[in-house]
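1. Just a sequence and a predicted model for now, questions to come.
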Amino acid sequence: MKPVLAVKDLSVTFRTEDGPVSAVDRVSFEVTAGEVLAVVGESGCGKSVTAMSIAGLLPRTATVNGSVELDGTELIGADKRTLRSIRGREVAYIFQEPMTSLNPVFTVGHQIIEVLRTHIGLNRQAAHARAIELLKLVGIPSAERRVGDYPHQLSGGMRQRVMIAMAVACDPKVLIADEPTTALDVTIQAGILDVLRGLRERLGTSIVLITHDLGVVADLADRVAVMYAGRVVETAEVHDLFAHPEHPYTVGLLGASPAAGRHAESQRLNEIPGLVPVLTEQPDACTFADRCPRAIDTCTSSQPQLTDGPHRVACWNPVRERVEV
Amino acid sequence: MRRYLLNRLWQSAVTLVLATIVVFAGVRALPGDPALALAGEDRDPESLRAIRQQYGLDQSWLVQFWQFVSHAARGDLGESIRTGTPVRSMIVSALPVTIELSVLAILIASVIGVGAGVIAAVRRGRPAEWAANALALLGLSVPHFWLGLMAILYLSVALGLFPASGFVPFFTDPVANLHHLILPALILGTGLSAVIMRQTRSSMLDALSADYIRTAEAKGLSPKAVVGKHALRNSLIVVVTIVGLQLGALISGAVVTERIFALPGFGKLTVDAVFQRDYPVIQAVVLVTATAYIVINLLVDLLYSVIDPRIRVRGEA
Ligand SMILES: Nc1ncnc2c1ncn2[C@@H]1O[C@H](COP(=O)(O)OP(=O)(O)O)[C@@H](O)[C@H]1O
Ligand code: SF4
Ligand SMILES: [Mg+2]
């Protein structure tokens, strides 16, 4: 199937006072219609930067290279007008912080109506009715009343539902959810995930789901891309990845027993000793080498590239337990 | 919202009562015996007693206070000792001038201040920001009586663009009225516009880096909507507060400005009354000023709650 979203060799460098920071290095992935792609990795590995660069939302200090094709339209280097017309309409975002992501001085209804009026040109009444419909769609009780509430009158979980309602208002092709449940109580997370699952089933929206939470991945994702230090190091179909992780970093994330994450309720990524490096430039080596238990000589002298096929891995010495079967 | 309103009204009433007591006691505490001042040359005990009786000065303070309050409540503020004119009519003719001058000054200052502040924030690190900052610094550091004099000298006298002094009531001739007031209002508002500009700039910079701005951008809104609506509306909360705090300075500035441009407003009335030891006028002027302060603060608070929904709801809870 032709992908809805095709990211190819995406690189992002920031200009900072301490010199350049390479945040994302030649990241490639594809998302087909109705598919949920999970992007996992430790904090600081470039997940958010990747997400933001898709619709050109990075600050001016960022230099972006590579290609992002949305349904055949190239977005990298597209003019501002084009980008504005796809934001909120074809590509929509949900962010981590429901407490601060909504504007405190406008009603939630108004903030939803704004998207509808900007992109679809609905009149006030139609937009208002549609806003209530959307609030119902994301499971907000007494939506007729809630539509006039200000964000501070809603709980964190309800606000995140409002964010989702706003994101799907124009029925986007791709929904990018950047850690949508990280800031929420465990009890509320399940509800939000149900809403996302429902959207995928009912509207066929493709979702890029950025998360720390392996429980969420097992629950919702079709495929997984594992990122480390700005690179995708492994990508596979979700059950394959949980059953047979090949990259030592993925193995580390999943813990000693690779299958442990599959049914785990809300298991966070495993702690791996060491830190994600902040790189000024991408070295010709494996960036995981100084934390890797399987490192060999080649690892520090040459950069491993992603293999081809359904299960791809970028590693000189991958784990291949399957061979024994 | 109703509850909040009642609450604020109640607070205002208490403040007003306190202000009345302070005004009354303050005037009484001024050095010198008003009866002596009134008697002038004629200082024999008989006429002093007569004067004391006429103005109720022979009564106890409590009785005097009650009379003052009950008269004032009926709108009777007494008569000028100097001219015999009812104080009330003096105030009624002077107040509109000052109100118009101040409102105009606030309007001009808000337009200039908010406009320049937004530009400075959006064009951060470019010549426009530098220019706005320099202007603000100038507006804050140059005393406005001097600015007023310079404006009269160059714009009015040399170029003849504006009348140098005088006043025409709005309902007599609106165009002439604005022509007379625009320059004084601009001068009176310089300090305020500088303060508003700086405040707008810094709160806009805060607002522009907020998460909800990222959301607004991710929604595909135009830069106009992102900056002019989402960011500005949040910045204005702080700006309104600052304007409220600056109103005191504005009112005292109005006194000076009215003097320079010879406007027959409240400032002129006050200054004249103080120089002439016209006690009933002083008392009335201070009371009216205090009332105005309270009313203005109430309005600022209400405006604040209109802009920031979080305040409204807290008042309800
Ligand atoms: N605006 C920026 N300027 C400079 N560096 C940035 C900026 N945004 C992100 N980075 C850097 O890019 C890297 C990836 O960040 P991010 O994508 O936010 O990580 P995460 O995977 O936790 O979402 C980090 O090292 C971060 O410091
Ligand atoms: S390339 Fe080498 S260092 Fe990198 S993950 Fe594979 S084995 Fe470890
Ligand atoms: Mg992130």
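-> Structure received. Bear in mind the structure is a predicted one, so any value in this text is a computation, not a measurement. Ligands and ions are numbered 1, 2, ... in the order given.
2. State the pLDDT value of the closest residue to ligand 1 within chain B.
-> Chain B approaches ligand 1 most closely through B:Ser209 (10.8 Å), counting by C-beta to the nearest ligand atom. Where you see a C-beta, it was placed from the backbone N, CA and C, and this is true even at glycine. Per-residue pLDDT puts B:Ser209 at 92.
3. hey, where'd the strands end up in chain A?
-> Counting by DSSP state E, one finds strands in chain A at the ranges A:5-16, A:19-31, A:36-40, A:62-70, A:73-74, A:91-94, A:174-178, A:206-211, A:223-228, A:231-237, A:312-313.
4. Determine which of those strands approaches ligand 2 most closely.
-> strand A:231-237 (7.1 Å).
5. Report the distance from the closest one to the chain centre.
-> Its chain's average C-alpha position is 13 Å from that of strand A:231-237, according to C-alpha atoms, centre = their mean, to the nearest Å.
6. sorry, back to before: could you tell me how many residues sit around the residue of chain B closest to ligand 1?
-> B:Ser209 has 11 neighbouring residues, counting by other C-beta atoms under 10 Å in any protein chain shown.
7. what do you get for A:Asp9?
-> When neighbours are counted by other C-beta under 10 Å, A:Asp9 registers 11.
8. B:Val168 too?
-> 16.
9. before we move on, what about A:Leu254?
-> Residues near A:Leu254, counting by other C-beta under 10 Å: 24.
10. wait, it sits on A:Pro245?
-> Yes. Counting by C-beta atoms under 8 Å, A:Pro245 is a contact partner of A:Leu254 at 5.5 Å.
11. give me every residue that touches B:Phe24.
-> Applying C-beta atoms under 8 Å, 6 or more residues apart in numbering or on different chains to B:Phe24 gives the contacts B:64-65, B:68-69, B:283.
12. Those, buried ones only, as a PyMOL selection?
-> In PyMOL, this line selects whichever of the contacts of B:Phe24 come out buried by 16 or more other C-beta atoms under 10 Å in any protein chain shown:
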select buried, chain B and resi 64+65+68+283
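13. ok, of the contacts of B:Phe24, which one's closest to B:Trp10?
-> Distance ranking of the contacts of B:Phe24 against B:Trp10, using C-beta to C-beta, places B:Val69 first at 18.7 Å.
14. now that closest one: how far from B:Ile21?
-> Between B:Val69 and B:Ile21 the distance is 9 Å, computed by C-beta to C-beta, to the nearest Å.
15. thinking again about what came up before, Provide the backbone phi and psi angles at the residue of chain B closest to ligand 1.
-> phi -100, psi 10 (degrees, to the nearest 10).
16. list the contacts for it?
-> B:Ser209 touches nothing, counting by C-beta under 8 Å, 6+ apart.
17. quick one, helices of chain A?
-> Applying DSSP state H to chain A gives helices spanning A:47-54, A:80-86, A:98-101, A:108-119, A:124-137, A:143-146, A:156-168, A:186-203, A:214-220, A:238-243, A:248-254.
18. Next, the angle from the fourth one to helix A:124-137.
-> Read it as helix A:108-119. Helix A:108-119 and helix A:124-137 are oriented at 120 degrees to each other (axes from the mean of the first three to the mean of the last three C-alpha atoms, to 10 degrees).
19. And the contacts of helix A:108-119?
-> Taking C-beta under 8 Å, 6+ apart as the rule, helix A:108-119 contacts A:85, A:88-89, A:102-103, A:106, A:122, A:124, A:126-128, A:130-132, A:134-135, A:146-151, A:154, A:159, A:162, A:165-166, A:169-170, B:219-222, B:225.
20. again with the third one
-> Contacts made with helix A:98-101 from outside it, assessed by C-beta under 8 Å, 6+ apart, are listed as A:95, A:156-157, A:159-160, A:162-163, A:183-184, B:210-212, B:214-215.
21. rerun that using 7 Å as the cut-off
-> Contacts to helix A:98-101, defined as C-beta atoms under 7 Å, 6 or more residues apart in numbering or on different chains, come from residues A:95, A:156, A:159-160, A:163, A:183, B:210-212, B:215.
22. now chain B, which segments are flagged as low pLDDT?
-> For chain B, the stretches with pLDDT under 70 are B:1, B:30-34, B:37-42, B:312-317.
23. Quickly list the domain ranges of it.
-> Following automatic domain parsing, one gets these domains for chain B: B:2-73, B:88-275.
24. Straight-line length of the last one, end to end?
-> What that stands for is domain B:88-275. 19 Å (C-alpha to C-alpha, to the nearest Å).
25. since we're on the nearest residue to B:Arg124 once chain neighbours are set aside, how many residues are nearby?
-> With sequence-adjacent residues excluded and distances taken as C-beta to C-beta, 6 or more residues apart in numbering or on different chains, B:Arg124 is closest to B:Leu205, at 7.1 Å. When neighbours are defined as other C-beta under 10 Å, B:Leu205 has 16 of them.
26. how about B:Leu205, phi and psi?
-> phi -60, psi -40.
27. ok, it touching B:Ala121?
-> Yes. With contacts defined as C-beta atoms under 7 Å, B:Leu205 counts as touching B:Ala121 at a distance of 5.1 Å.
28. Contact partners for B:Arg310?
-> By C-beta under 7 Å, 6+ apart, the residues touching B:Arg310 are A:104, A:152.
29. Try it again at 6 Å.
-> By C-beta atoms under 6 Å, 6 or more residues apart in numbering or on different chains, B:Arg310 lies in contact with A:His152.
30. center of chain B, which residue is that?
-> Chain B has B:Ile251 as the residue nearest its centroid, 3.6 Å off, counting by C-alpha atoms, centre = their mean.
31. Toward the C-terminus, what is the element adjacent to the helix or strand harbouring that residue?
-> Per DSSP states H and E, B:Ile251 falls inside helix B:232-260. Sequence order places helix B:266-275 as the next helix or strand after helix B:232-260, per DSSP H and E.
32. Surely B:Glu129 touches B:Ala121?
-> No. The pair B:Glu129 / B:Ala121 is not scored as a contact, 7.8 Å apart, by C-beta atoms under 6 Å.
33. Near chain B, which residues of the stretch 101-250 of chain A are found?
-> By C-beta under 6 Å from any C-beta of the partner chain, the residues of the stretch 101-250 of chain A that approach chain B are A:101-103, A:105, A:115, A:118, A:150, A:152.
34. which SS state does B:Ala164 fall under?
-> Following DSSP: H, G, I helix; E, B strand; the rest coil, we place B:Ala164 in the coil state.
35. I'd say it and B:Ser156 touch.
-> Yes. Under the criterion of C-beta under 6 Å, B:Ala164 makes contact with B:Ser156 at 3.9 Å.
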